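Visitor: based on what follows, work out the 3D shape:
(chains A and B)
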Amino acid sequence: MNGAALATRGLNKSFGSLVVAKDVELVLPHGVRYALIGPNGAGKTTLINLITGMLRPDTGRIFLGEDDITSLAPEARVRRGLARTFQINALFPQLSALEAVTLAVCERRGFAGVWWRGLPEYRDAADEAHAILASLLLGEHCYRLTHELSYGQQRLLEIALALATRPRVLLLDEPAAGVPRDESAELFAAISGLANDLTVLFIEHDMDIVFRFAARIIVMVSGGILVEGTPDEVAEDTRVREVYLGKAHHG
Amino acid sequence: MAGAAPEGVTPHQYLENQTRWRRVEIAFWLATLLPFVVTPTYLSLASQIAITALFALSLDLILGYAGIVSLGHAAFFGLGAYTAGLMSKFVWGEPLTGLVAAAAIAGLVGFATSFIIARFRHLALIMITLGLGLLLHEAANSASWLTGGADGLQGVDIWPLLGAFKFDLYGRTAYAYSLVVLALMFLVARRLIHSPFGLALRGIRENAVRMSAIGAPNRSHVRKVYTISAVIAGIAGALLAQTTETVSLEVLSFERSADVLVILILGGAGRLYGGILGAIIYMVARDQFSGINPQFWYFWIGLLLVAVVMLLPNGILGGLARFAERWQGGRR
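Guide: Next comes the predicted model:
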């Protein structure tokens, strides 16, 4: 596993007779932006769920850096630097954006269990949360309740919450899902502006965005990895063309 | 608080603003002294209200903040009541040490059961808390050699408070005692909900899945708040045992668990004052209505509950808060 930020070895998962992950072997080096593409039902979200521990693999192992994290609970993986966002907003509707991100900062710094001191005493936690929100253009809206934010702002808050855990590896499940096309480019511009040593894997259907923002692309079909390579390699690959052009195009 | 943020507010100021004491809060606590002068013949009732309010406050911490629904919270109230009662019977009648003992026992049992509670949510949780409550009720019933069973615990004798204030017939000492303990516990609860931990509890209520995705140990958070809630419920039970100098099986009954839930929902969960307001309305109404027709009393409570839940989803206090916001908005 030398130097890999995240790796999986022989990952398998089935629901009854439906195979959702088939011998998945991944090696993501540090600091690389990866796109994970494939037709609907290819097992992309399932793979994220397996890596983050929300699903247990039937067989196989998962490594974060040098550490085997296969048996760790999801929250323990987060504390080791593996964060994710959700395809469908999974936020805290009645918390303000600032409260939500401050909460994530408190959890990371290990004082979210402190009940005898007031939250305002942790001034730098709130400042850090505000800085993260500001970096994602949510600074002005940070005192509004999450459910009052626009859909696009909620998508950004998804990312802000993940960043507040200070991840080494960030898995983004269709970060721009449901966001208008011109705004999604903005959103990805924000993602590509993230720290260079951060490893990012994102699921995305829009090929323009994939080719613009990914250094490498992984193509999944029926639970298995079909191709892994640079955008040019993937674009040239006949098997990929078959999947995308031979059948209906999923966007 | 929520809503539009004034320009130029720093994150720190915003958070401080939320924890600030409001004028209406101070007015409320001053008003709790009124019964001493206005209704001196009703101090026993006032004391019962304060105790019920404290019990509702303990439920609010787990239900209103962490989203843990319990239909068996009387278990801890009853444990506290029996601990205080038995302590006065077998050890001594000093009330404050009795209170501490009750808190400790309720907290221990709360901590032990919290390992089960933290694994479940929603309907399963309701059934488990209900089951634990029934279990303890029957255990107390069958252990009549210790608890007196259905006849109630005999021989509870409480010494004067601080060696000076006897528990009198009019309930002067009782109300002062209950009120001071309520206020102290309220301060603890208020501090808790404005702490990082309080924020984490709201996070669990809002979205437990996302909490794990930001690295939060949900189960240990739940275990902690459940234990704290059990301690406060136990203190409330001990207050009832000490101020009335009786303990009956009713302290552990399903009805008491259901009543406190109704009180909290009526008043408004997740607002700290909701349980207090609910307790005042519920206890005063029961006192008044049951004088007219004791059997008929639950009809009115049922009606009130349905009306409040339909019209004011955040309880009476939630409705009042919204009304006040609109009124202030209209004045601007």
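
Visitor: helix or strand with the lowest mean pLDDT in chain A?
Guide: Sorting the helices and strands of chain A by mean pLDDT, DSSP states H and E puts helix A:181-192 at the bottom, at a mean of 83.

Visitor: quick one: residues in contact with that helix.
Guide: A:33, A:135-137, A:152, A:155-156, A:159, A:172, A:175-176, A:179, A:200, A:202, A:206, A:209, A:212-213 (C-beta atoms under 8 Å, 6 or more residues apart in numbering or on different chains). Yep, even glycine has a C-beta here, placed from its N, CA and C like the rest.

Visitor: list only buried entries from these.
Guide: Burial by neighbour count, 16 or more other C-beta atoms under 10 Å in any protein chain shown: within the contacts of helix A:181-192 this picks out A:33, A:135-136, A:152, A:155-156, A:159, A:172, A:175-176, A:179, A:200, A:202, A:206, A:209, A:213.

Visitor: now intersect these with the strands, please.
Guide: Using DSSP state E, the subset of the buried ones among the contacts of helix A:181-192 located in strands is A:33, A:172, A:200, A:202.

Visitor: nearest to B:Phe90, of these?
Guide: A:Leu172 (63.2 Å; C-beta to C-beta).

Visitor: in terms of contact, does the closest one touch A:Ile159 like I think?
Guide: Yes - applying C-beta atoms under 8 Å, one finds A:Leu172 in contact with A:Ile159, separated by 7.1 Å.

Visitor: joint contacts of these two?
Guide: The contact lists of A:Leu172 and A:Ile159 share A:85, A:191, where a contact means C-beta under 8 Å, 6+ apart.

Visitor: that older thread, intersect the buried ones among the contacts of helix A:181-192 with the contacts of chain B.
Guide: The subset of the buried ones among the contacts of helix A:181-192 within reach of chain B, by C-beta under 8 Å from any C-beta of the partner chain, is empty.

Visitor: and the residues you listed, which two are the farthest apart?
Guide: Spanning the widest gap among the buried ones among the contacts of helix A:181-192 are A:Ser135 and A:Asp206, at 23.2 Å by C-beta to C-beta.

Visitor: may I have the host helix or strand of B:Asn141 as CSV, with CA atoms only?
Guide: Following DSSP states H and E, one finds B:Asn141 within helix B:122-142. Extracted in CSV, the C-alpha atoms of helix B:122-142 (Å, rounded to 0.1, in the frame of the first residue of the first chain):
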residue,chain,number,x,y,z
HIS,B,122,-38.2,5.2,17.4
LEU,B,123,-40.8,2.5,18.0
ALA,B,124,-38.4,0.0,19.4
LEU,B,125,-37.3,2.6,21.9
ILE,B,126,-40.9,3.3,23.0
MET,B,127,-41.5,-0.4,23.6
ILE,B,128,-38.2,-0.9,25.5
THR,B,129,-38.7,2.1,27.8
LEU,B,130,-42.3,1.0,28.3
GLY,B,131,-41.2,-2.5,29.1
LEU,B,132,-38.5,-1.4,31.6
GLY,B,133,-41.0,0.8,33.3
LEU,B,134,-43.5,-2.0,33.7
LEU,B,135,-40.8,-4.3,34.9
LEU,B,136,-39.7,-2.0,37.7
HIS,B,137,-43.3,-1.3,38.7
GLU,B,138,-44.0,-5.1,39.1
ALA,B,139,-40.7,-5.6,40.9
ALA,B,140,-41.6,-3.0,43.4
ASN,B,141,-45.1,-4.5,43.8
SER,B,142,-43.8,-8.0,44.5
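
Visitor: remind me what that helix packs against, helices and strands.
Guide: Secondary-structure packing of helix B:122-142 (3 or more C-beta pairs under 8 Å, 6 or more residues apart in numbering or on different chains; DSSP states H and E): helix B:74-90, helix B:95-117, helix B:254-267.

Visitor: contacting residues around the closest residue to A:Ala164 other than its chain neighbours?
Guide: In this structure, A:Ala164 finds its nearest non-sequential neighbour in A:Ala104, 3.6 Å apart by C-beta to C-beta, 6 or more residues apart in numbering or on different chains. Contacts of A:Ala104 were listed using C-beta under 8 Å, 6+ apart, and they are A:129, A:161, A:164-165, B:214-215.

Visitor: okay, and which of those residues map to helices?
Guide: A:129, A:161 (DSSP state H).

Visitor: need the contacts of A:Ala104 in JSON lines (columns: pLDDT and distance to A:Val20).
Guide: Output for those, formatted as JSON lines (pLDDT from 0 to 100; distance: C-beta to C-beta, whole Å):
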{"residue": "A:Ala129", "pLDDT": "96", "distance to A:Val20": "36"}
{"residue": "A:Leu161", "pLDDT": "96", "distance to A:Val20": "26"}
{"residue": "A:Ala164", "pLDDT": "96", "distance to A:Val20": "30"}
{"residue": "A:Thr165", "pLDDT": "95", "distance to A:Val20": "26"}
{"residue": "B:Ile214", "pLDDT": "95", "distance to A:Val20": "26"}
{"residue": "B:Gly215", "pLDDT": "94", "distance to A:Val20": "26"}
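
Visitor: much appreciated, bye for now.
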